[in-house]
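In: Sequence first, predicted coordinates after that:
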Amino acid sequence: MQFFLLYLGKLRFYLRVFKPAVKHLKNAIPVLLFLGFILSMAAVWWLGPKWEWDGNHPLLPLMPRLLITVIIFLIAAVVFAFYSQRQLRNSEMARLSDEEKDPVTSYIEAQEGRLSDILVLLKQNLAGNDYIYKLPWFLIVGGETAGKTSLINRTDQNFSFTTTNKVSADKGAGIRRRRDAVTLPYDIDWWMSNDAILIDPDGGLLVQQDNDADKAVIAHRLWQNFTGWLVRVRVRRPLNGIILVVDLARLVSQKPSDRKAYAGILRARLRELMETLGTRLPVYIVLSKFDLINGFDAFFRGIKKSQRDEIFGITFKFNPSAENNQWLDELDEWYNQLLKMMNDQAFDMMASTTVQEDRENLFTFVRQLVGIKETLQEFLADMLESDRYSTPAQVRGLYFSSVFQQGIPVNPFIDTSSRHYKLSLPVSSALPSIQSATYFVRHLFSQIIYPESGLATDNDKVVKKKRATLRLNAAVAGLFTIIVLVGFQSSYNRNSTAVENALAAANRYQDEVVVEHIDETGRNLLPPLNHIRQASQAFSDYPERLRWVADMGLYQGWVIGPQTEKIYQEFLSRHFLPAIAYGVVEKINTTTYASDEKL
């Protein structure tokens, strides 16, 4: 009993020690199976014909080897199929177990499926193997009511395909709504034009705030999965820029605490994004719903269509070496100039109109822009001001926009006063339902954003890996070059010495004086014969050396060896052998008939 317990303890010890090795061995079964198949084929076709059994060579004919090859192939195929089926079953069981432990897994898999479908669509619409990098990718983000989709639709872009169109055409299947009976709470829309690809995720993915805590967790996990997918698919440069859409009317109507919290959320998402992607991205801020600032209609009602198509905003100077927060100073200077210009225009417009309501709206509109300045600067600083703990964004510009003139205008002055004095807010009338016009956004993408698609830096991790690979390749190439040069020089010296020795022996052979009379013993022919033999021995191994390969292509044996052998053989046949034969004949003629010496 004691022996059994001792044996059991040793067995447990060995199992604990070798368990990791067994696990890795199981994972290597396909490789081992392939190597076994290759070795078996080598044994059958190379060693098989040499195998002897009872005086016979059963594998020498072709047919037995073909039959054994087919049998081995079938056995390997059956084993591989059994292994694959088992792995698939284990993978499915592990997936189901993970879903039971983590319910978010099913949503992540559904999102992965949709993103994979997007890649298929991109490959179908973009020719070439580099379809991933053929067009720049821009991420357009913002709150759930910021107006991202409306902004995209009202620009001058022509889209080859959009996932929103595909979904509306096929609500039952498609790439967006359902996959494997899982409905995603947040969608990611894709827009492909001739110039770029726009990725438009639901605002909930960005904000990740919901009364339902589980839904907030789902949003966070799906966002992480999406950013990780970008890194996996577009390794070198996951994105070319970020377009941040901010609802201006909502922003100026929020409480300061809510506004600061929202800026913190956006800052966290942008920081997560750039740290995950390993790149510094240009950020373009678009202030939407400019028309909901009270007085907008009165101020811009009379401008021409060409003026509505112009860009209303500022593009900051691009200077990577400058201080990261220099854009805040540029914004302050530009905004002051804007207020001065609009204030002058407002007074001119008030002087030219007799409608009291329009005069009041014009005055109120400019005063509101003055009050918005500080609020806007604080919000942007809280969201995008650089620090030393994270990768700063390249803030490229700030632009105002209006795509639909509908909704209820806001008046920050009245809202702030009502909250301060705890008064009820007055009921404002909605904008009249008239045909909407597009203001200041039509050429924003084509003239401002897309031309700067090359400003985004490459993935820092990929760049470091490439540099390390380049250094390693350079070191290997340098070492290989040194080895080649050393080998080349060594081969050159070795062949040069052998050629010199052969030439020296050949010169000695030519200088050797051959006695004209025949020596019956052939001794007078030995010195020149030895010289020829020495010349031929310099490259005596040439039949065993590969032509054009031996000594790195410098081997001269195939040039000199055959010639020295030919001269050696000719000397033997023309001089040495006749002399020996003559001596034998003379010896026979000088001996007595039937003597032992003659025999």
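Out: Thanks, I have the structure now.
In: Beta-bridge partners for the closest residue to Leu455 other than its chain neighbours, please?
Out: Sequence neighbours aside, Pro282 is the residue nearest to Leu455 in space, at 4.6 Å (criterion: C-beta to C-beta, 6 or more residues apart in numbering). Just so you know, the C-beta spots here come from the backbone N, C-alpha and C atoms, and that holds for glycine as well. Taking DSSP bridges as the rule, Pro282 bridges to Gln394.
In: from what I can see Pro282 touches Ala393, true?
Out: Yes: the pair Pro282 and Ala393 qualifies as a contact (C-beta atoms under 8 Å) at a distance of 7.4 Å.
In: what's near enough to touch Tyr83?
Out: Ile29, Pro30, Leu33 (C-beta atoms under 8 Å, 6 or more residues apart in numbering).
In: Narrow those to just the buried residues.
Out: By neighbour count, with 16 or more other C-beta atoms under 10 Å, these hold Leu33 as buried.
In: Turn the contacts of Tyr83 into CSV, including secondary structure.
Out: Compiled in CSV, those are given as follows (DSSP: H, G, I helix; E, B strand; the rest coil):
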residue, secondary structure
Ile29, helix
Pro30, helix
Leu33, helix
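In: closest to Arg89 among the contacts of Tyr83?
Out: Ile29 (15.0 Å; C-beta to C-beta).
In: so who does that closest one touch?
Out: Shown in contact with Ile29 (C-beta under 8 Å, 6+ apart): Tyr83.
In: One more: Arg250?
Out: Gly143, Thr145, Lys289.
In: Drop anything exposed from those residues.
Out: Counted by 16+ other C-beta under 10 Å, these give Gly143, Lys289 as buried.
In: Minimum pLDDT in the contacts of Arg250, which residue is that?
Out: Lowest pLDDT within those is found at Thr145 (86).
In: list the buried ones in stretch 479-491?
Out: For stretch 479-491, by 16+ other C-beta under 10 Å, it's Ser491.
In: residues in contact with that stretch?
Out: Asp551, Met552, Leu554, Tyr555.
In: so can I have TSV of those residues showing neighbour count?
Out: Converted to TSV, these look like this (neighbours: other C-beta atoms under 10 Å):
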residue	neighbour count
Asp551	18
Met552	15
Leu554	16
Tyr555	22
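In: Closest to Phe400 out of the residues you listed?
Out: Within these, the smallest distance to Phe400 is 71.3 Å, found for Met552 (C-beta to C-beta).
In: May I have the secondary structure class of the closest one?
Out: Secondary structure assignment for Met552 (three-state DSSP): helix.
In: what do you get for Gly128?
Out: Put simply, Gly128 is coil when judged by three-state DSSP.
In: Excluding chain neighbours, what is closest to it?
Out: Nearest non-adjacent residue to Gly128 (C-beta to C-beta, 6+ apart): Lys134, at 6.3 Å.
In: okay, now that neighbour: neighbour count?
Out: 13 (other C-beta atoms under 10 Å).
In: What separation is there between it and Ile580?
Out: 85 Å (C-beta to C-beta, to the nearest Å).
In: before we move on, what about Gln85?
Out: 81 Å.
In: Among the two, which residue is more densely surrounded?
Out: Ile580 (17 against 10).
In: what's the weakest-modelled helix or strand in this structure?
Out: Across the helices and strands of the chain, mean confidence by mean pLDDT, DSSP states H and E is lowest for strand 178-179: a mean of 44.
In: Domain map for the chain?
Out: As given by automatic domain parsing, the domain ranges for the chain are 2-101, 104-339+371-467, 468-590.
In: how far out from the middle of the chain is the longest one?
Out: Once both centres are worked out by C-alpha atoms, centre = their mean, to the nearest Å, domain 104-339+371-467 turns out to sit 25 Å from its chain's centre.
In: Could you do the last one as well?
Out: The offset between the C-alpha centroid of domain 468-590 and the centroid of the whole chain comes to 57 Å, using C-alpha atoms, centre = their mean.
In: now the end-to-end length of that domain.
Out: End-to-end distance for domain 468-590, by C-alpha to C-alpha, to the nearest Å: 89 Å.
In: pretty sure the residue nearest to Gly128 contacts Lys123?
Out: No: counting by C-beta under 8 Å, Lys134 stays clear of Lys123, with 10.3 Å between them.
In: circling back to that earlier point, need the worst-confidence member of the contacts of stretch 479-491.
Out: On pLDDT alone, Met552 ranks lowest of these, at 70.
In: The closest residue to that one other than its chain neighbours and Ala535: what is the separation?
Out: Distances taken as C-beta to C-beta, 6+ apart put Ser491 closest to Met552, at 4.9 Å, once the chain neighbours are dropped. Using C-beta to C-beta, Ser491 is found at 20 Å from Ala535.
In: Please apply the same query to Val141.
Out: For Val141, the distance to Ala535 - C-beta to C-beta - is 84 Å.
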